[in-house]
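J.: Build me a model from this:
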Amino acid sequence: MQHNERTPAEGVSFVMPVLNEIDYLEHAVRSVLQQDVDGPTELVLALGPSTDGTTDLARRLAAEDDRIRLVDNPQAHIPVGLNAAIRASRYATVIRVDAHSELSPGYANRALETLRRTGAANVGGVMRADGRTAFQRAVARLYNAPVGLGGGAYHGGAPEGEAESAYLGVMRRRVLDEVGLFDETVRRGEDWELNLRIRQAGHLVWFDPELSVTYWPRESWWRLARQFRATGAWRGELVRRYGRRNGLRFFAPPALVVLSALAIVIAVLQVAGVLQGAAALVASVIYLPLIAYALLVLAVGLGGVGIARGPRGLHERLWTLAVLPTMHISWGLGFLAGVLRGAGDTVDASRLGSRNTPLP
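T.: You can find the predicted model right below:
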């Protein structure tokens with residue numbers, strides 16, 4: 001990993017990896033440029049090989065505002081693009097942003113004040129998922145709920161304080177240089193891995209619930225499944241590398257997958273008559289946690305249990321019933337593959353499509 005030997009000037013560098021975001025990029029860029037910061041700012045876009053016109057849009061936006069700078073990310077990997085943008089940046093504070101997100105007004109100023117107040121090396125806030133279609137709203141509500149993504153602080157509900165990781169992150173450049181920037185061999189979960197090294201170096205990672213970023217989830221069931229499978233595979237890789245430094249919540253989805261597979265095997269053996277009598281009765285215990293999970297899915301999908309804002313309308317309820325197990329099973333299958341054989345060259349293929357659902 002390379003270190004930048006220049007002393008960065010006071011100011012804020014926003015860094016954003018971009019790939020196939022024609023329908024989201026302009027909204028994301030606008031939310032950055034509208035941040036009112038006391039000092040110079042810049043937005044460095046790391047451009048992957050988009051196929052939907054995103055690169056042309058980025059060039060047009062850069063021509064219209066000299067605060068926008070462009071760097072190439074030919075491999076399209078997120079940590080590679082982030083490092084390229086950080087190395088090209090000029091200022092002492094680095095704020096990571098995502099082309100699929102929008103910063104709330106005052107986000108940067110609040111984050112800078114929290115950095116000063118706490119002395120933290122990295123500050124993050126709440127990822128508030130939102131949606132425009134019934135499917136996207138169903139995904140968003142599960143993103144925002146512990147029953148969906150396992151209760152990480154940045155999904156909401158946690159008090160301000162020291163954190164394991166930070167969503168996106170508002171970071172001190174000198175600390176990034178000290179720990180060696182993002183690990184380019186980690187293609188998903190790169191923020192968690194970076195924050196692990198920051199904490200191991202003796203620095204503080206801080207969660208501030210007053211910081212809010214709007215995140216737009218994937219727009220289709222297939223894209224969502226591919227995204228979660230890739231994310232699960234890389235969490236499995238991180239477990240291979242770092243073991244129990246990974247929280248227990250990461251092991252729930254693969255446990256669901258294993259239990260489901262065992263239940264299928266036992267059901268086949270019972271139907272075939274291999275398991276009979278007391279043995280069949282004892283083996284049937286495996287069905288109990290799966291029945292409980294099915295009831296949980298029904299309660300969440302039909303009644304909104306465990307979700308701050310329950311699903312509205314039939315379409316959204318039906319999508320919630322489909323989305324919750326899709327998240328868990330796709331993630332769990334990816335996790336098991338990652339643990340058993342490593343993530344290898346697994347990428348988030350959901351980012352490689354053409355057009356997305358346009359925003360108004």
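J.: Let me see the ranges of the strands in the stretch 151-300 of the chain.
T.: In the stretch 151-300 of the chain, the strands defined using DSSP state E, counting those that start in this stretch lie at 161-162, 170-172, 205-215.
J.: Same question for the stretch 1-150 of the chain.
T.: Using DSSP E, counting those that start in this stretch, the strands found in the stretch 1-150 of the chain span residues 9-18, 41-47, 68-72, 91-96, 101-103, 122-129.
J.: most distant residue from the middle of the chain?
T.: residue 277 (47.4 Å; CA atoms, centre = their mean).
J.: ok, that one to residue 270 distance?
T.: Distance of residue 277 to residue 270, computed by CB to CB, to the nearest Å: 11 Å. (Each C-beta comes from the backbone N, C-alpha and C, glycine too.)
J.: burial count for residue 31?
T.: For residue 31, the neighbour count with other CB atoms under 10 Å is 19.
J.: from memory it sits against residue 99, does it?
T.: No. Contact status for residue 31 versus residue 99: not in contact, 10.7 Å apart, counting by CB atoms under 8 Å.
J.: Quick one, which of the strands of the stretch 1-150 of the chain gets closest to residue 227.
T.: Nearest to residue 227, of all the strands of the stretch 1-150 of the chain, is strand 122-129, at 12.8 Å by CB to CB.
J.: Quick one: mean pLDDT over that closest one.
T.: On average, the pLDDT along strand 122-129 is 93.
J.: what's the answer for stretch 98-109, then?
T.: Here the average pLDDT along stretch 98-109 is 93.
J.: Between the two ends of that stretch, what distance do you get?
T.: 18 Å (CA to CA, to the nearest Å).
J.: Centre of the chain to it, how far?
T.: Chain-centre distance of stretch 98-109: 15 Å, with CA atoms, centre = their mean, to the nearest Å.
J.: And for stretch 175-188?
T.: Centre to centre, stretch against its chain (CA atoms, centre = their mean), the figure for stretch 175-188 is 17 Å.
J.: Likewise for stretch 275-287?
T.: With CA atoms, centre = their mean, you get 40 Å for stretch 275-287.
J.: Point out where this structure drops to low pLDDT.
T.: 1-6, 150-157, 305-311, 351-360 (pLDDT under 70).
J.: The closest residue to residue 198 other than its chain neighbours and residue 65, how far apart?
T.: Leaving aside its chain neighbours, residue 198 sits nearest to residue 121 (5.3 Å; criterion: CB to CB, 6 or more residues apart in numbering). Residue 121 sits 29 Å away from residue 65, going by CB to CB.
J.: more neighbours, those two?
T.: Using other CB under 10 Å, the more surrounded residue of residue 121 and residue 65 is residue 121, with 25 against 11.
J.: ranges for the helices of the stretch 251-360 of the chain?
T.: 252-271, 277-283, 287-303, 314-341 (DSSP state H, counting those that start in this stretch).
J.: Which other helices and strands does the first one contact?
T.: Contacts defined by 3 or more CB pairs under 8 Å, 6 or more residues apart in numbering; DSSP states H and E place helix 252-271 against helix 221-242, helix 277-283, helix 287-303, helix 314-341.
J.: Go again with 6 Å.
T.: Using 3 or more CB pairs under 6 Å, 6 or more residues apart in numbering; DSSP states H and E, the elements in contact with helix 252-271 are helix 287-303, helix 314-341.
J.: same thing with the longest one?
T.: Helix 314-341 makes packing contacts with helix 134-143, helix 221-242, helix 252-271, helix 287-303 when contacts are defined by 3+ CB pairs under 6 Å, 6+ apart.
J.: mind putting those in JSON lines, distance to residue 174 included?
T.: Below are the helices and strands packed on helix 314-341 laid out as JSON lines (distance: least, CB to CB, whole Å):
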{"stretch": "helix 134-143", "distance to residue 174": "33"}
{"stretch": "helix 221-242", "distance to residue 174": "25"}
{"stretch": "helix 252-271", "distance to residue 174": "37"}
{"stretch": "helix 287-303", "distance to residue 174": "44"}
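J.: Good, wrapping up.
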